[in-house]
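S.K.: I would like the atomic coordinates for the input below:
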Amino acid sequence: MIIQNQIRCLKCKDEPYSNSKNDLKECDCGAVAVDGGMDYLRRIGKPEDYREMSVTIPDGVANACNRAINDTIRDTEGKTVGVMSVVVRVLRDNGVKLKEMK
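M.R.: Model prediction:
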């Protein structure tokens, strides 16, 4: 699942992102563009002119996060307390590398 569809232009330093399908966004200088939102990752321009910034996770992990969020909200009567921690635990338990604070 695509969580964020974004690149960084190495020429102008702009960071265009695409919010939805067919949402083509160019960088400020026009050297590169991004498209597809959460449906697909499309890039326009030379690969050496941009750095990938997209965030993706496997569909199974995304589904596990959604179930955990729904269960947490239901169990807390709609309060969002604990939602972030349950998502972090699901990501960790599914092998997503998380950076520890030092």
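S.K.: C-alpha only now, for contacts and for neighbours.
M.R.: Noted.
S.K.: who's in contact with stretch 22-34?
M.R.: With contacts defined as C-alpha atoms under 8 Å, 6 or more residues apart in numbering, stretch 22-34 is touched by 5-7, 9, 11-12, 14-18, 35-37, 41-46, 49-50.
S.K.: Mind listing what's buried along that stretch?
M.R.: For stretch 22-34, the neighbour count (16 or more other C-alpha atoms under 10 Å) marks L24, K25, E26, C27, A31, V32, A33, V34 as buried.
S.K.: Could you chop the protein up by domain?
M.R.: 2-56, 59-93 (automatic domain parsing).
S.K.: At which residues are the helices of this protein located?
M.R.: For the chain, applying DSSP state H gives helices covering 59-75, 83-93.
S.K.: re earlier: filter the contacts of stretch 22-34 down to the buried ones and hand me the PyMOL line.
M.R.: Those of the contacts of stretch 22-34 that count as buried under 16+ other C-alpha under 10 Å are selected in PyMOL with:
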select buried, resi 5+6+7+9+14+15+16+17+18+35+36+37+41+43+44+50
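S.K.: and for the least confident helix or strand in the chain by mean pLDDT, what are the contacting residues?
M.R.: Sorting the helices and strands of the chain by mean pLDDT, DSSP states H and E puts helix 83-93 at the bottom, at a mean of 81. Around helix 83-93, the neighbours that count as contacts under C-alpha under 8 Å, 6+ apart are V61, A64, C65, A68, I69, T72, I73, K97, L98.
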